[in-house]
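> return atomic coordinates for the entry below.
(2 chains)
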Amino acid sequence: MNKQFQKIYLDPYLFFSIFLISSLGLFFLFSASNGDIGSVIKQLVYVIIGLALMVLISQPDPDVFRRLSGAFLLFSFLLMGITYFFGPEINGAQRWVRIGSISFQSSELMKLAVPIFLASFLFNKQLPIQRKEIMLSLLMVFFCFFLVYRQPDLGTALIVACSGLFVLFLSGLSWSFIGGSFILLVISSPFIWNILLQPFQRQRIATYFNPDSDPFGASWNIIQSKVAIGSGGLFGKGFGEGSQTQLNFLPETETDFIFSVIGEEFGFLGVLLLISIYLFILLRCFYLALSARDRFCRLVIGGLSLTFAANLIINLCMVVGLLPVVGMPLPFISKGGSSLMSLFIAFGIIMSMGTHKKFLPQ
Amino acid sequence: MIFEERQIEKNNFSSRAILLFGLVILSFVMILIKVFSLQISGYSDYQLAALKNKNYTVPVQALRGEIFDRNGVALVRNDPTFDLITRPNLIADIDNFINEIQGVIFLSEKEILNFKKAYQKKAFANKELVLKKDLTDEEIARFEVRSFNFLHAFIGKRYRRITDYPTIFSHVLGYTTRSENDFTTMPDIPRSHWRDAELTYAHGLIAGQTGLEQVYDNYLKGKHGSKVYEMNARGQFVKPLSIVNPFKGADLYTHLDIKAQKSAAKFIGNRKGAVVAIDLESGGINVLYSSPSYSINKLSNGVSERELKDLINDINKPFFNRALQGRYPPASTIKPAIGMYGLSSSIVDWNFKLQDPGFFTLPETGRIFRGWREGGHGKVDMLKAILVSSNTYFFSLAYQADIDALSKHLSSLGFGKKACADCFNEDPAFVPTPEWKYGIMNAGWVKGDTVNLGVGQGYLVATPIQLANYAAILATKGKFFEPSIVTSGIIKKSLNIWDDKKFSNLDWKKMHEAMLGVIESDAGTARSIRSLKKFQVAGKSGTAELVSLDSKEAYQDIRTSELLRDHSIIIAFGPMPNPRYAVSVVIENGESGGAVAGPVAIEVLKSLVNE
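Take a look at the predicted model:
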């Protein structure tokens, strides 16, 4: 570790790549919002607060997080409860909790609380993990999944479930168990289709398999997104020059489909640059996970960074038409304070786990 | 935890982390491949799709060509008219705006209502909206002075299809009507965009419906242009991107002569009939008039349903173009043609004489065919027979004719087929043959039918244009052009030659002499018109019987019903001896040919030769 950072626990590679991508995000948002400077300033404030928060959170020793993990989870449940009882209903879903003038999407905290709690739960258990612990863990994951799912917010619920499952997998879940679960999942898929999925979600999946069925209705978003990306070509149409974006053919340009805006205006080269930065962040997290000081840190870095990767990949796959449409923002770039804050917090924790070394006696 | 166990656990974690991060990288590769297929392989398709999304192409109507007479005077022209056009998207307070406009331009309740009904939609889409059509000069002047007050309104120019001779040229020029399919020539523009077309004519999309407007529609209509707007997903115009200007249609130059057409209309007056005049040098049609007529200005620019109904139901059938569609028995005007047949088939010669007792008896049945003059014309040869219009002579000649050969001869003179190269809806009429009669009446051809043909009665019918064409063949001694209305720049015509080895130049000369005598000699049946002009005219008049009657007395009985009275017909050409124009006139129920149709023919010829 550099002497300069002796006192401040900060991973410079992660910090600068995140700083870079969230700055680029502001730039993209300006075009995606048809030049709405108000949105950009609001997002800028979030980015500044988020960067500060990230640095702040990376300072405490990982053990602090481990000890607080249970309380953190309970706090998340509390927010979920407030959302359920007092949260405003927007577009038929209750996802927000309002504290003073600040609104927060409570499920975002679940994405952090679940892997951290599981990591601390499993960190001192005997390996390979025993059946009892597996069952308890799975029960916990499913409960959290269900809480988010019934808001309803299937996308985030799946991410929450993934975040828990990643930790379980990394901590050495046996392959036979994984195989069995997979078979169970395949068998129960009709049940999932009929009971778990809302009609509009079934529609989205049907649209995915037959995109030409309803070009002005259900398939509109994905068709326009592909046209936007495709028409960007190698170099893109230029900043603020994307006709699909600027003339409103592309839906949700500031949130879910902001990648299509980047594709249209900056072309394949812009996409390559963006994906390279994301890849760099992930590889850095991978390195930090491998070199982390103990099992808890490894599991948390692995769980949080893979959750971030899943989030990113689902968004990218959705806008290019590889997956059905699910509401999922592009990390660090899509407009929205909640997801941005939870990302900065997550990377703050990752940095804390990655930069605090404990030299054990050999 | 001992070190070894820690190392195993760490290795286990590493391999699983590598697996998961490997999957992440694999996903990235998949996504990049997909993005590559969209942006690089599929680029042209998606670029086209993006353009199709935003580019909204609307047609821009072309101006039609104008039509000119033979002296270069416009017969049909595009007459500008001015509309008050607004930009509703820029108007903040619509009531206030209307109040201000009303101070300058009168607006009817209906105009205000229509405007209020449409403006919101147009404002949303950033489209223009017409507030008032056809502004008066005064309104335009008042508006122009105060135009700085009305930044969101302007005066737009559009056109009407107007002729300064609305009734005399109606049949030949024809009119235009709204055409719904005119933009099909631009398949790239979807039909749903037509409603946003930029219209050049106040009446909208128009296409020729009758007359020259119809026949030369493709020539006149030009090429529509197109304008591309950038449009957003909500259907709002953002800005115009590009324009392909329309091409004005080609102008049409005709042989029509305003002065002569005017004479035709004037001298037919309110009688029913038709006049056709042909320029012998070119075959150009100088006059093509059918009476009664109607105004094409109204029809071309929006006629009320009631007015249209009245025109359609008019008992005098003004829409019926008698010059091209009226079937009339040629009556005695056919006699020169029968004479030509008699001479070329050696049934008679110029010296052959026949005693005319005033009637002809068919040897087979004893049926009597009467002449027009009680007691007959005494001894007649061909010359006298044409001069005095002896029926007996031509009955007798036709009696000896072979009907097939005679039919063929009449066809060679243009009967029974369309005469004109570019006339609208010309009726070919017909020349009767035994096959025709059997087909239509299921009866055999009898000698009496041929005898009737000899004086242009019976089954033979011809249109005024055919009669004029026939007159032109006679006038040019068989060296004639196909009649056409437009000048030969557009249609290719070559000299037609009517030739028969047994019909010599001397025969032509004598025929002209005989026809000249019809008008210019003391014995001629049309001598009454001799004094109307200074130049000499050859011709042949006729009286077409509508009812077959055996005696003069019987005719006097039916004469009281005007619609059963005989048609008056004349063909004429002049000035002699080197004729330049041929003309045919038919006046329905006009009775005596020479005295009634004759003066009209003479006046038209006088206009044409500028006397």
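> how about the strands of the stretch 351-500 of chain B, start to end?
Secondary structure of the stretch 351-500 of chain B (DSSP state E, counting those that start in this stretch): strands at B:354-356, B:359-361, B:368-370, B:378-380, B:479-480, B:496-497.
> tell me where the model's unsure across chain B.
Applying pLDDT under 70 to chain B flags the ranges B:1-3, B:547-564, B:593.
> and B:F430, how many neighbours?
18 (other CB atoms under 10 Å in any protein chain shown). Heads up, the C-betas are built off the backbone N, CA and C, glycines and all.
> hmm, B:W436 and it touching each other?
Yes: contact status for B:F430 versus B:W436: in contact at 6.8 Å, counting by CB atoms under 8 Å.
> as a markdown table, the strands of the stretch 351-500 of chain B with mean neighbour count would be great.
Formatted as a markdown table, the strands of the stretch 351-500 of chain B follow (neighbours: other CB atoms under 10 Å in any protein chain shown):
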| stretch | mean neighbour count |
| --- | --- |
| strand B:354-356 | 19 |
| strand B:359-361 | 19 |
| strand B:368-370 | 17 |
| strand B:378-380 | 15 |
| strand B:479-480 | 18 |
| strand B:496-497 | 14 |
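> what residue in chain A comes nearest to chain B?
The nearest approach of chain A to chain B comes at A:G230, 2.5 Å away (CB to the nearest CB).
> got the contact list for that residue?
Residues near A:G230 by CB atoms under 8 Å, 6 or more residues apart in numbering or on different chains: B:L38, B:Q39, B:G42, B:Y43, B:D45, B:Y46, B:Q47, B:A49, B:A50.
> if we check chain A, which of those are in contact?
B:L38, B:Q39, B:G42, B:Y43, B:D45, B:Y46, B:Q47, B:A49, B:A50 (CB under 8 Å from any CB of the partner chain).
> from the residues you listed, which ones fall inside strands?
Using DSSP state E, no member of those sits in strands.
> using a markdown table, lay out those residues together with neighbour count.
Supplementary listing: the ones next to chain A among the contacts of A:G230 in a markdown table, determined by neighbours: other CB under 10 Å:
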| residue | neighbour count |
| --- | --- |
| B:L38 | 27 |
| B:Q39 | 27 |
| B:G42 | 18 |
| B:Y43 | 18 |
| B:D45 | 14 |
| B:Y46 | 22 |
| B:Q47 | 17 |
| B:A49 | 19 |
| B:A50 | 24 |
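> from those, which two are the most distant?
The distance between the two most remote of these (CB to CB) is 13.0 Å, for B:Q39 and B:A49.
> related to what we said a few turns ago, the residue of chain A closest to chain B: what secondary structure?
What DSSP: H, G, I helix; E, B strand; the rest coil gives for A:G230 is helix.
> just the local confidence number for it, please.
As predicted, A:G230 sits at a pLDDT of 93.
> now the residue nearest to A:Y149 when sequence neighbours are not counted, what are its backbone angles?
Excluding its sequence neighbours, the residue lying closest to A:Y149 (CB to CB, 6 or more residues apart in numbering or on different chains) is A:A157, at 3.8 Å. With angles defined as degrees, to the nearest 10, A:A157 sits at phi -60, psi -40.
> and A:A157, how close does it get to A:V114?
11 Å (CB to CB, to the nearest Å).
> so these two - more neighbours on which side?
Taking other CB under 10 Å, A:A157 and A:V114 do not tie; A:V114 has more neighbours (32 against 21).
> OK, contacts around the more buried one?
Contacts here follow CB under 8 Å, 6+ apart; on that basis A:V114 touches A:L73, A:M140, A:V141, A:C144, A:V160, A:S163, A:G164, A:V167.
> which stretches of the stretch 1-150 of chain A have low pLDDT?
Residue ranges of the stretch 1-150 of chain A with pLDDT under 70: A:1-7, A:91-92, A:100-101, A:127-128.
> tell me where it has strands.
Counting by DSSP E, counting those that start in this stretch, the strands of the stretch 1-150 of chain A are A:96-99, A:102-105.
> okay if I get those as CSV plus distance to chain B?
Below are the strands of the stretch 1-150 of chain A laid out as CSV (distance: least, CB to the nearest CB, whole Å):
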stretch, distance to chain B
strand A:96-99, 28
strand A:102-105, 25
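> okay if I get the ones you listed as TSV plus mean neighbour count and distance to A:N221?
As requested, those are exported to TSV (neighbours: other CB atoms under 10 Å in any protein chain shown; distance: least, CB to CB, whole Å):
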stretch	mean neighbour count	distance to A:N221
strand A:96-99	16	23
strand A:102-105	16	21
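> will you turn those into JSON lines that also has distance to B:A401?
Output for the strands of the stretch 1-150 of chain A, formatted as JSON lines (distance: least, CB to CB, whole Å):
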{"stretch": "strand A:96-99", "distance to B:A401": "107"}
{"stretch": "strand A:102-105", "distance to B:A401": "108"}
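> wait, A:E252 sits on A:Q224?
No: if you go by CB under 8 Å, A:E252 and A:Q224 don't touch, sitting 10.1 Å apart.
> more crowded one of these two?
A:Q224 (23 against 18).
> I'd like to know how far the more buried one sits from B:H152.
Counting by CB to CB, the separation of A:Q224 from B:H152 is 34 Å.
> contacts only, for the residue of the stretch 51-200 of chain B found nearest chain A.
At 4.5 Å from chain A, B:K54 is the closest residue in the stretch 51-200 of chain B, using CB to the nearest CB. For B:K54, the contact set (CB under 8 Å, 6+ apart) comprises A:S243, A:Q244, A:L247, A:F249, B:E230, B:M231, B:N232.
> check A:F121 too.
With contacts defined as CB under 8 Å, 6+ apart, the neighbours of A:F121 are A:S69, A:E133, A:L136, A:S137, A:M140.
> one more: B:S179?
Per CB under 8 Å, 6+ apart, neighbours of B:S179: B:L205, B:I206, B:A207.
> likewise B:F124?
Contact analysis of B:F124 by CB under 8 Å, 6+ apart lists B:N89, B:R234, B:G235, B:Q236.
> between the residues you listed, which sits nearest chain A?
Taking CB to the nearest CB as the measure, chain A sits nearest to B:R234 out of those, at 6.5 Å.
> assign that closest one to helix, strand or coil.
Applying three-state DSSP: B:R234 is coil.
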